[in-house]
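1. got a predicted model here, sequence first, then my questions.
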Amino acid sequence: MAWATIGNVTTTHLDSATDDPSQARVEIYNALLELQNVINGRNAASGVAGLNASSKIDGAYLPNTIVSDASTNLTLQPTTGKIVLEDIISLTPQTVAELNARTDQAEGDVAYCSDGDAGSKCIAIYNGTDWKVISLGATIST
């Protein structure tokens, strides 16, 4: 299923009161075919994700991975100012060398560092100047 194509909708024989209706028939037909493509493109490949009764996109139509443009950060900016993630956050381990080589760090950045606490694993937070260590403590228990 292909999404509608604007080039398939013409109004050459529809935009004047003196146009011949018989010549407009093909244009009307093609426009209705494109409308069908829009209708049939809901929740279809190369179409558009529809909204459910709660005005939300069902999980089945959300991608498992979102990749931003080549040189653009992916930004989530909820109007509440708070992002809620359920379950677990998985941070890709980076070394001290990798973190220090970055040119995009900003105050408040958080990373999992594989060798940042005198060679031990830690969480690191960038304070605007340096990556600071948050040591991993004791093993969790009940």
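-> Right, received. Where do you want to start?
2. after the top helix by length along the chain, which helix or strand is next?
-> Counting residues, the longest helix found in the chain (DSSP state H) is helix 21-40. Downstream of helix 21-40, the first helix or strand assigned by DSSP states H and E is helix 96-101.
3. what's in contact with that next one?
-> By CB atoms under 8 Å, 6 or more residues apart in numbering, the list of residues contacting helix 96-101 from outside reads Gln105, Ala111, Cys113, Asp115, Gly116, Ala124, Trp131. For every residue, glycine as well, the C-beta is placed using N, CA and C.
4. quick check: the farthest pair among these?
-> For those, the farthest-apart pair by CB to CB is Gln105 and Asp115; their separation is 17.3 Å.
5. neighbour-wise, which of the contacts of helix 96-101 leads?
-> For the contacts of helix 96-101, the largest neighbour count, defined by other CB atoms under 10 Å, is 24 neighbours, found at Gly116.
6. quick check, it in a helix?
-> No: when classified by DSSP: H, G, I helix; E, B strand; the rest coil, Gly116 is found to be strand rather than part of a helix.
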